[in-house]
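[1] below are the sequence and a predicted model for it; my questions follow.
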Amino acid sequence: MLEPVMFTGGLYKHDLVVELVEDLGGYILQKNVTQTEIILLILVPSEDLAALQGLAKELRGELVRAPLAGTEVAVVTPTLAIHHLPHTACDIAEYLRRHGSKTNMLGLARGVGREIAQINEYETALINEHDAAVFIFGNFRDCIIKKESLYRNMSVPVVVTGGPEVDSKDLPYAFEYVSSIGRVAHRARKATEIGSLDRIVEAVGRALDKTRAAISKDPLTTSPPRIMDAVREQVPDIEFSYSPLPIALNLNGIRVKLPYEAYKDAVKAVTFDEGVKLGEIATVMPSRMKDYILVRILPASETGFVF
Amino acid sequence: MDPMEVFKIAVTGEEEFAARKYRELIMDILQDLGLIRSIGRLYVYVDIKKPYFAVYGLLRSGIPPLTVKSVGDVLRVSGGYQIKINDEEHMADLLRVLWEHYGRERVEQPARDIVIIASDTSPSELMVADLEAEFLQDLTDALVRITPEGFRNRRNIITKDSFLFIAAEESLTAEMVSEIKAKIREMENA
């Protein structure tokens, strides 16, 4: 089993970490260089974790478990106006990132108000491309219950956050409700506020576990990190993508950040050592995000094999 | 402790949490914009079922306009007046006012904080900035920030010593406005 971890350390000699992970049969999911610091999101076989820990210690780096690594979470606010941003939304997004998730912030076009809140088909489909969503609501209990219509049609688990205590039976469409994180006009700094952020991370973790459990009942033909590695190797133009994360990992596939029309055939033609082409074991379709390519791996029940 | 004399907030229904949280939020926003000392009393009434949001406030005594002598020392020198600027915050406004009043050719700035004017009339009493107008602008900005975002039908009635800000999702009707005024009067008299 692969263990998700995050390495934080100096840029100097970080390639030793990359080499070791590759030798152990793990994957580098994300590499963030900030001046002389580097943050690596890594999947490493759990039995070899000690070797990586040893190297991290030698390099004076820090290795922590990143339970949300390899997943993409949407942080959804009713709009992108000053009322909802920056404090709560950015705190939640940043906190999820620190636990390894790839977080996208989404402001709805017409999500405001009690009676007038709406979500359109495009927004719903875009959120459904993620592995889980966090909907950030405000301080009025009545509004939180009323605004259920915004996430009723989501197929991914939705964690709802708001200020007051709301009984979960009042929110039947939410995966979980996390209270005491409603609308605030300051950054989360008190211990109780940080505690609420921890509860959101835990709730998102449980939501992802539920999806993982659902997938394990009918396993995917191959694992998303493996596809990511193969695409990175066989579609070299991905290195020229301006995105900070050119290939985003989901639990059931990947998003390749290259134009769909120009690169769909190259992505479908990616071949694995077993002789199978990516087009045969996955659906390659246009993503709702810009004109990127969305790859969804087919389950074993459709392809008849797992490798 | 609240810096205001009175700060009451009432929300209909089972929304004690919202009332408490909006109290913090309003304090945060007023503090951010430096308005808290200028408001004496504040009454907030929210009916989330209708829904509307109303804020009524009494302002502390008016703020005098900022004059040249309050941003710097004015000295009589040969051939005119010299201003030694102490408060650079309003420098741009000061230069604009001096240029408009005396003309650019008679205003000289030999150093960053020194302005010399070639004129016999003293600039001491010239108005640099209308702080009251700035305050009212900031106040409106604060009220828009405080109001829940979907409440886009707004009415802002500002008098010399008070303001009443009403925001609702639906169109504001005369009945709604008079109902809000009555509710706020009740809060005042309670």
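    In hand now; what should we look at?
[2] over to the residue positioned nearest the centre of chain B. Which of the three states is it?
    What sits nearest the mean C-alpha location of chain B, by CA atoms, centre = their mean, is B:F135, with 2.0 Å. Per DSSP: H, G, I helix; E, B strand; the rest coil, the local secondary structure of B:F135 is helix.
[3] and the residue of the stretch 101-250 of chain A at minimum distance from chain B, what does it touch?
    Residue nearest to chain B within the stretch 101-250 of chain A (CB to the nearest CB): A:G113, separated by 2.3 Å. All C-beta spots, glycine's among them, are computed from the backbone N, C-alpha and C. Shown in contact with A:G113 (CB atoms under 8 Å, 6 or more residues apart in numbering or on different chains): B:148-152, B:169.
[4] change it to 7 Å
    Neighbouring residues of A:G113 by CB atoms under 7 Å, 6 or more residues apart in numbering or on different chains: B:150, B:169.
[5] secondary structure class for it?
    Under the three-state scheme (three-state DSSP), A:G113 adopts coil.
[6] same check, this time on A:R296
    Three-state assignment for A:R296 (three-state DSSP): strand.
[7] who is it paired with across the strands?
    Following DSSP bridges, A:R296 is listed with bridge partners A:G253, A:T283.
[8] ok so, going back, so the residue nearest to the centre of chain B is in contact with B:P64, correct?
    No. If you go by CB atoms under 7 Å, B:F135 and B:P64 don't touch, sitting 11.5 Å apart.
[9] now B:R145: how far from A:I92?
    Using CB to CB, to the nearest Å, B:R145 is found at 20 Å from A:I92.
[10] same check, this time on B:T159
    With distances taken as CB to CB, B:T159 is found 41 Å from A:I92.
[11] re earlier: who's more crowded, B:R145 and A:I92?
    A:I92 (27 against 19; other CB atoms under 10 Å in any protein chain shown).
[12] and A:L85, what does it touch?
    Contacts for A:L85 (CB under 7 Å, 6+ apart) come out as A:T77.
[13] that one in helix, strand or coil?
    coil.
[14] how close does it get to A:A269?
    A:L85 is 42 Å from A:A269, by CB to CB.
[15] and if you look at A:S216?
    Distance, A:S216 to A:A269, by CB to CB: 29 Å.
[16] so which of those two has more stuff around it?
    Shown here are A:S216 and A:A269; by other CB under 10 Å, A:A269 has more neighbours (12 against 9).
[17] that one and A:E280 touch, don't they?
    No. A:A269 lies out of contact with A:E280 (CB under 7 Å); the separation is 10.3 Å.
[18] per-domain residue ranges of chain B.
    Following automatic domain parsing, one finds the domains of chain B at B:6-62+B:131-189, B:66-129.
[19] could you pull out the buried residues of the one helix or strand A:L16 maps to?
    Assigned by DSSP states H and E, A:L16 falls within helix A:14-24. Using 16 or more other CB atoms under 10 Å in any protein chain shown as the test for burial, helix A:14-24 gives A:14, A:17-18, A:20-21, A:24.
[20] could I get the full set of helices for chain B?
    For chain B, the helices defined by DSSP state H occupy B:16-32, B:68-71, B:91-102, B:131-146, B:174-189.
[21] compute the inter-axis angle for the fourth one and helix B:16-32.
    Computed with axes from the mean of the first three to the mean of the last three CA atoms, to 10 degrees, the direction of helix B:131-146 lies at 150 degrees from that of helix B:16-32.
[22] and helix B:131-146, average pLDDT?
    On average, the pLDDT along helix B:131-146 is 89.
[23] I'd like the distance from it to the chain centre, please.
    4 Å (CA atoms, centre = their mean, to the nearest Å).
[24] next one: the longest one
    From the chain centre to the centre of helix B:16-32 is a distance of 18 Å (CA atoms, centre = their mean).
[25] which helices and strands sit right next to it?
    Counting contacts by 3 or more CB pairs under 7 Å, 6 or more residues apart in numbering or on different chains; DSSP states H and E, helix B:16-32 packs against strand B:6-11, strand B:39-47, helix B:131-146.
[26] which residues of chain B lie near chain A?
    Listed as neighbours of chain A in chain B under the rule CB under 7 Å from any CB of the partner chain: B:13-15, B:17-18, B:21-22, B:25, B:28-29, B:48-49, B:51, B:145, B:148-150, B:169.
[27] what's the first helix or strand after the helix holding A:L16?
    Once helix A:14-24 ends, the next helix or strand along the chain (criterion: DSSP H and E) is strand A:27-34.
[28] for that next one, packing partners?
    Partner elements for strand A:27-34 (3+ CB pairs under 7 Å, 6+ apart): strand A:37-45, helix A:224-234.
[29] find residues that contact each of A:A269 and A:E280.
    Residues within reach of A:A269 and of A:E280 at once, by CB under 7 Å, 6+ apart: there are none.
[30] using CSV, write out the CA atom coordinates for stretch A:98-114.
    C-alpha atoms of stretch A:98-114 as CSV (Å, rounded to 0.1, in the frame of the first residue of the first chain):
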residue,chain,number,x,y,z
ARG,A,98,-1.2,21.6,4.1
HIS,A,99,-2.7,18.1,4.5
GLY,A,100,-1.8,17.3,0.9
SER,A,101,-4.9,17.9,-1.1
LYS,A,102,-5.0,19.8,-4.3
THR,A,103,-7.5,22.5,-3.5
ASN,A,104,-9.5,24.6,-6.0
MET,A,105,-11.4,27.6,-4.9
LEU,A,106,-14.7,28.2,-6.6
GLY,A,107,-17.0,31.1,-6.3
LEU,A,108,-20.5,30.6,-7.6
ALA,A,109,-22.0,33.2,-10.0
ARG,A,110,-25.4,33.4,-8.2
GLY,A,111,-24.9,31.6,-4.9
VAL,A,112,-25.8,34.5,-2.7
GLY,A,113,-28.9,35.2,-0.6
ARG,A,114,-31.5,33.0,1.0
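[31] which one's the longest helix in chain A?
    helix A:191-217.
[32] hmm, it in reach of chain B?
    No. Helix A:191-217 lies out of reach of chain B by CB under 7 Å from any CB, never closer than 11.7 Å.
[33] by contact count, what packs against that helix?
    Other helices and strands packing on helix A:191-217, by 3+ CB pairs under 7 Å, 6+ apart, are helix A:87-98, strand A:132-136, strand A:158-161, strand A:176-178.
[34] ranking the ones you listed by mean pLDDT, which is last?
    Looking at the helices and strands packed on helix A:191-217, the lowest mean pLDDT belongs to helix A:87-98 (a mean of 91).
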